[in-house]
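Enquirer: whatever this is, show me its structure:
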Amino acid sequence: MDMCTEKDKEELVEALVTAAGAAFLSLKETTQEHFYFYVFVFDEGMHPYISAWSYEALEKSIKEQQITDEDKSWWKWDSADSPYAVYGYDEFFGEVGTLLDQRASKLSDDELYETEWEVRIELMEEAMKRLDTFGLFGTGKERECVVINVEQAPPDGDGAEYDRALRLNPPSALLSEYLETCETPEND
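Expert: Below is the predicted model of the structure:
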């Protein structure tokens, strides 16, 4: 059962928007690279962080890690192996951490790892929607050259990332390519 109010949720969404927005913007401005993938990641540590891939970082990583042609298609989307995984966490996510810890203190372990887990992912998705509405990931044709998502680590395996990607992105060839690497939803 969710023990937090709508006001609590909105406060957390705003903190997520502020933190992720600042981290993504800092990453773009600092690197001056051409990003095609922005992802908000939630892992078993219960605190979200960002990751991203640019074409420049991908090319460099493929060479340095000696990624085979066979593995390039999934490597391109592997948020954990991006050199920008957890970018700006210490700098931008302090308030988010405080709010999440406050929420967790009101919950049992069962509530935390069941209901609250889902709530946090939903709020992260809402934060990405708002950042997209602000134009952080581009607009028009520029936006079609970018994929955004909320992922959980390890992957959920139930197709939720696939569904979130469909909700968060306009149709594009790049989105189709990304979806090929996602677990597909169960057919009902």
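Enquirer: who are the contact partners of the residue nearest in space to the middle of the chain?
Expert: Nearest to the centroid of the C-alpha atoms of the chain, with distances taken as C-alpha atoms, centre = their mean, sits Phe40, at 1.7 Å. Counting by C-beta atoms under 8 Å, 6 or more residues apart in numbering, Phe40 touches 16, 20, 48-50, 124, 127-128, 149-151. Quick note: C-beta positions are derived from backbone N, CA and C, even for glycine.
Enquirer: buried residues in the least confident helix or strand in the chain by mean pLDDT, which are they?
Expert: When each helix and strand of the chain is scored by mean pLDDT, DSSP states H and E, helix 109-113 comes last, with a mean of 76. By 16 or more other C-beta atoms under 10 Å, the buried positions in helix 109-113 come out as 111-112.
Enquirer: which residues does Ile50 form a beta bridge with?
Expert: Note on Ile50: beta-bridge partners by DSSP bridges are Phe40.
Enquirer: hmm, Val39 and it touching each other?
Expert: Yes. The pair Ile50 / Val39 is scored as a contact, 7.0 Å apart, by C-beta atoms under 8 Å.
Enquirer: ok, and for the helix or strand containing Phe24, which residues are buried?
Expert: Per DSSP states H and E: Phe24 is located in helix 6-31. Under the neighbour-count criterion of 16+ other C-beta under 10 Å, helix 6-31 has 8-9, 11-13, 15-21, 23-24, 27-28, 31 buried.
Enquirer: how about stretch 33-46?
Expert: Residues of stretch 33-46 classed as buried by neighbour count (16+ other C-beta under 10 Å): 33, 35-42, 46.
Enquirer: tabulate the residues you listed (JSON lines), appending distance to Gly88 and pLDDT.
Expert: Output for the buried residues of stretch 33-46, formatted as JSON lines (distance: C-beta to C-beta, whole Å; pLDDT from 0 to 100):
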{"residue": "Glu33", "distance to Gly88": "15", "pLDDT": "98"}
{"residue": "Phe35", "distance to Gly88": "14", "pLDDT": "98"}
{"residue": "Tyr36", "distance to Gly88": "19", "pLDDT": "98"}
{"residue": "Phe37", "distance to Gly88": "16", "pLDDT": "98"}
{"residue": "Tyr38", "distance to Gly88": "12", "pLDDT": "98"}
{"residue": "Val39", "distance to Gly88": "14", "pLDDT": "98"}
{"residue": "Phe40", "distance to Gly88": "12", "pLDDT": "96"}
{"residue": "Val41", "distance to Gly88": "13", "pLDDT": "95"}
{"residue": "Phe42", "distance to Gly88": "16", "pLDDT": "90"}
{"residue": "Met46", "distance to Gly88": "18", "pLDDT": "79"}
